[in-house]
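S.K.: pasting the sequence and the predicted model now:
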Amino acid sequence: MQNLSKAHYLAGKLKPRFSGPFFNEFVAQADGHKVASISRALEGEKIIGGLPLERYYPELKNTMLLCCTEMTQRAHMDQVAEAFKAPGGGARQ
């Protein structure tokens, strides 16, 4: 059940693309940011970002599939949320 709680915690800090129920994976909308920039910023923090979906689903431009497990730390989820909000997708200011 940690997966569920953690994924919903992170989704609450982001803009989910879909409104349906989910367990530990969800699609986040990266408005105003390029998901590649977000991924690079997170890699610099040693955090594996989500899967950019546009390659597989062109209609899901600027979206990323994110997943949380029992190993996901709250501090890392907060860094992911910051990367979605920061100018240029930077994970830290």
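M.R.: Looks like it came in fine.
S.K.: tell me the centre residue of the chain?
M.R.: Leu66 (4.8 Å; C-alpha atoms, centre = their mean).
S.K.: just the helices in the protein please.
M.R.: If DSSP state H is used as the criterion, the helices of the chain fall at 2-13, 35-44, 74-85.
S.K.: just to revisit the earlier point, the spatially closest residue to the residue nearest to the centre of the chain that is not a sequence neighbour: neighbour count?
M.R.: Sequence neighbours aside, Gly50 is the residue nearest to Leu66 in space, at 4.0 Å (criterion: C-beta to C-beta, 6 or more residues apart in numbering). In this view, the C-beta of every residue, glycine as well, is placed from N, C-alpha and C. Gly50 has 20 neighbours, counted by other C-beta atoms under 10 Å.
S.K.: now do the one 4 residues further on
M.R.: Applying other C-beta under 10 Å, we find 14 residues neighbouring Glu54.
S.K.: so what pLDDT did it get?
M.R.: If you check Glu54, the pLDDT there is 94.
S.K.: same question, Gly90
M.R.: 54.
S.K.: hang on, the earlier thing: which ones are touching the residue nearest to the centre of the chain?
M.R.: Residues near Leu66 by C-beta atoms under 8 Å, 6 or more residues apart in numbering: 7, 10-11, 14, 25-28, 49-50, 80.
S.K.: and which of those residues is nearest Pro58?
M.R.: Val27 (14.1 Å; C-beta to C-beta).
S.K.: contacts only, for the closest one.
M.R.: If you count contacts by C-beta under 8 Å, 6+ apart, Val27 has them with 16-18, 53, 60, 63-66.
S.K.: want to throw those into a markdown table with distance to Asn3?
M.R.: Listed next are the contacts of Val27 as a markdown table, based on distance: C-beta to C-beta, whole Å:
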| residue | distance to Asn3 |
| --- | --- |
| Pro16 | 16 |
| Arg17 | 19 |
| Phe18 | 18 |
| Leu53 | 20 |
| Leu60 | 23 |
| Thr63 | 20 |
| Met64 | 18 |
| Leu65 | 14 |
| Leu66 | 12 |
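S.K.: so what's the residue count around the closest residue to Leu53 other than its chain neighbours?
M.R.: Spatial nearest neighbour of Leu53, excluding adjacent residues (C-beta to C-beta, 6+ apart): Leu60 at 4.2 Å. For Leu60, the neighbour count with other C-beta under 10 Å is 17.
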